[in-house]
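> Turn this into a structure:
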Amino acid sequence: MIGDVFYSRLFLLMPSLRPMFKSSMKEQYEKIVDMLSAIVSKLENLEELTEDIRQLAIRHAGYGVMPAHYKVVGDALLWTLAKGLGKEWTDEMATAWSNCYTLLSDTMILHAKDAG
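Coordinates of the predicted model:
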């Protein structure tokens, strides 16, 4: 469900991203949930995910993901989390998720250069 909501929001914000997704959207829904789960489980030690993040960045660069796309993805992600959590979504949670996503996206943008 969260994957469907996230990608619906993402494509609403930037329809030009839709053609980048060649595989089954169901598969994409599962990937985003898996990624979020991995991040949450490693919040205390995000450096353990550095190699995974580097590989993800390289793959995404190969798909045509540009640095500007990360802001839109972050906006869609935070919107999705806020909608999903409803009244449980607090300013503190929004700040924490925003900081976490900024760290992740900055790291991916940096490592995407390894794809060249």
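> Can you list the low-confidence ranges for this structure?
115-116 (pLDDT under 70).
> Pull out the buried positions in the longest helix that the chain contains.
As assigned by DSSP state H, the longest helix anywhere in the chain is helix 91-112. By neighbour count on 16 or more other CB atoms under 10 Å, the buried set for helix 91-112 is 97, 100-101, 104-105, 107-109, 111-112. Yep, even glycine has a C-beta here, placed from its N, CA and C like the rest.
> If we only consider those, which is nearest to residue 62?
Proximity of the buried residues of helix 91-112 to residue 62 was ranked by CB to CB; the top entry is residue 112 with 9.2 Å.
> wait, that closest one sits on residue 63?
No. Using CB atoms under 8 Å, residue 112 is not in contact with residue 63, being 10.4 Å away.
> so what's the residue nearest to residue 98 when sequence neighbours are not counted up against?
Spatial nearest neighbour of residue 98, excluding adjacent residues (CB to CB, 6 or more residues apart in numbering): residue 78 at 6.3 Å. By CB atoms under 8 Å, 6 or more residues apart in numbering, the residues touching residue 78 are 94, 97-98, 101.
> and residue 12, how far is that from residue 69?
Applying CB to CB, to the nearest Å, the value for residue 12 to residue 69 is 15 Å.
> go on, residue 27?
Residue 27 is 19 Å from residue 69, by CB to CB.
> which one of the two has more residues nearby?
Set residue 27 next to residue 69 and count neighbours by other CB atoms under 10 Å: residue 69 wins out with 19 against 10.
> The strand or helix carrying the more buried one to helix 91-112, inter-axis angle?
Assigned by DSSP states H and E, residue 69 belongs to helix 67-85. Helix 67-85 and helix 91-112 are oriented at 150 degrees to each other (axes from the mean of the first three to the mean of the last three CA atoms, to 10 degrees).
> buried ones in stretch 50-68?
For stretch 50-68, burial by neighbour count (16+ other CB under 10 Å) applies to 53-54, 56-58, 60-61, 65.
> So which of those belong to helices?
The members of the buried residues of stretch 50-68 that map onto helices under DSSP H are 53-54, 56-58, 60-61.
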